[in-house]
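*Asks:* here's a sequence, model it:
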Amino acid sequence: MRTLISTAFVSLDGVVEGPGGEPGYRNSGWTFKDIEFLPEAFEIKGREQQEAAAMMMGRVSYQAFSAVWPDMADFADYKVMPKYVVSTTLSEGDLVSNWGETTILRSLEDVAALKQTDGGPIIVHGSATLNQALSDAGLIDRYHLLVFPLLLGAGKRLFSATDKDTQKLKLVEHEAYANGVQKNVFDVVH
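*Replies:* Have a look, this model is predicted:
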């Protein structure tokens, strides 16, 4: 069974929207505005590329990332690994040709079936709506969170407001950095 890992930049109040400067969001770029860049705080991002065997995104994140990441040296390891896009509306004709093998999954049932296959970990980038659905369905096995010392108020959140049973997490790795960013890695207790 494959491990599904959700990775996110998240504000202290749970917002994940617009961390890298995506247009159309009032607090866009909050991960680098007024936060000192410390390379050691982002070590986990390089490690994710080395450890992941595949990448998963929702449609919106795929369309944003596929326009930029294929040509970025910082994301070279992702270019060659298989990618899965969970979308009910994306077509094969919407996929870019310069970013390696990409498969469209149409449902959470397709994600659950993929998890049952052989292979290494699958890393989920961006995709707030997908993350909420995967979490609510009990499909996420691990969270890699870089928590920023900010309260952003409005914006898409990592977790939904769904009324559901308690889900226990086990903290397996953590560190606090001089710029106030905290790394928290949690395994989901199934």
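*Asks:* let me see the mean pLDDT of whichever strand or helix holds residue 8.
*Replies:* Using DSSP states H and E, residue 8 sits in strand 4-11. If you average the pLDDT over strand 4-11, you get 97.
*Asks:* elements contacting it?
*Replies:* Counting contacts by 3 or more CB pairs under 8 Å, 6 or more residues apart in numbering; DSSP states H and E, strand 4-11 is packed against helix 43-51, strand 122-124, helix 128-136, strand 142-148. C-betas here are computed from N, CA, C, even on glycine.
*Asks:* residue 164 is in contact with residue 132, correct?
*Replies:* No: applying CB atoms under 8 Å as the test, residue 132 and residue 164 come out as separate, 11.1 Å apart.
*Asks:* more crowded one of the two?
*Replies:* Neighbour comparison, residue 132 and residue 164: the larger count goes to residue 132, with 19 against 11 (by other CB atoms under 10 Å).
*Asks:* tell me how many other residues crowd the residue nearest to the more buried one when sequence neighbours are not counted.
*Replies:* Leaving out its chain neighbours, the residue that sits closest to residue 132 by CB to CB, 6 or more residues apart in numbering is residue 160, at 3.9 Å. Neighbour count for residue 160, taken as other CB under 10 Å: 14.
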